[in-house]
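Visitor: Predicted model and sequence below, questions to follow.
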Amino acid sequence: MAEVSIEIIQPELIDRKAAAHMCGVSVRAFDRFVASARTPRPVRFGRRVLWRRSDLMRWIDLGCPDRLVFEARCLMLARKGTSDRI
């Protein structure tokens, strides 16, 4: 019998509940982080507010800095030509 390979595709854009789960915090705590600009900038998709999974992964890799520091580090890494993931 042939082996079947199943690939699970994860969406790149995730809602606040999934983002909070990914960060290991409650939705309420995640909302507080968002309100105080301590998360990556969300993306508006119609009426929905979503986060890029890759931004959250990079943010976590960088130690969860506030939004301004995160964006500055991303710009610096982009100018150096560093790969998408740290």
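Guide: Cool, got the structure.

Visitor: quick one: the helices in the protein?
Guide: Per DSSP state H, the chain carries helices over the ranges 16-23, 27-35, 53-61, 67-80.

Visitor: roughly how far apart are P42 and L50?
Guide: Distance, P42 to L50, by CB to CB, to the nearest Å: 6 Å. In short, each C-beta sits where N, CA and C put it, glycine included.

Visitor: With A2 as the reference, measure out to the spatially most central residue of the chain.
Guide: The structure's the chain has its C-alpha centroid closest to L56; by CA atoms, centre = their mean the separation is 1.9 Å. Plainly put, L56 is 37 Å away from A2 if you go by CB to CB.

Visitor: hmm, back to that, what's the closest of the helices of the chain to E7?
Guide: Nearest of the helices of the chain to E7, taken as CB to CB: helix 53-61 at 16.0 Å.

Visitor: For the top strand by length along the chain, which strands pair with it and how are they oriented?
Guide: Across the chain, the longest stretch assigned as strand under DSSP state E is strand 48-52. Sheet pairing for strand 48-52, assigned by DSSP bridges, gives strand 13-14 (antiparallel), strand 43-45 (antiparallel).
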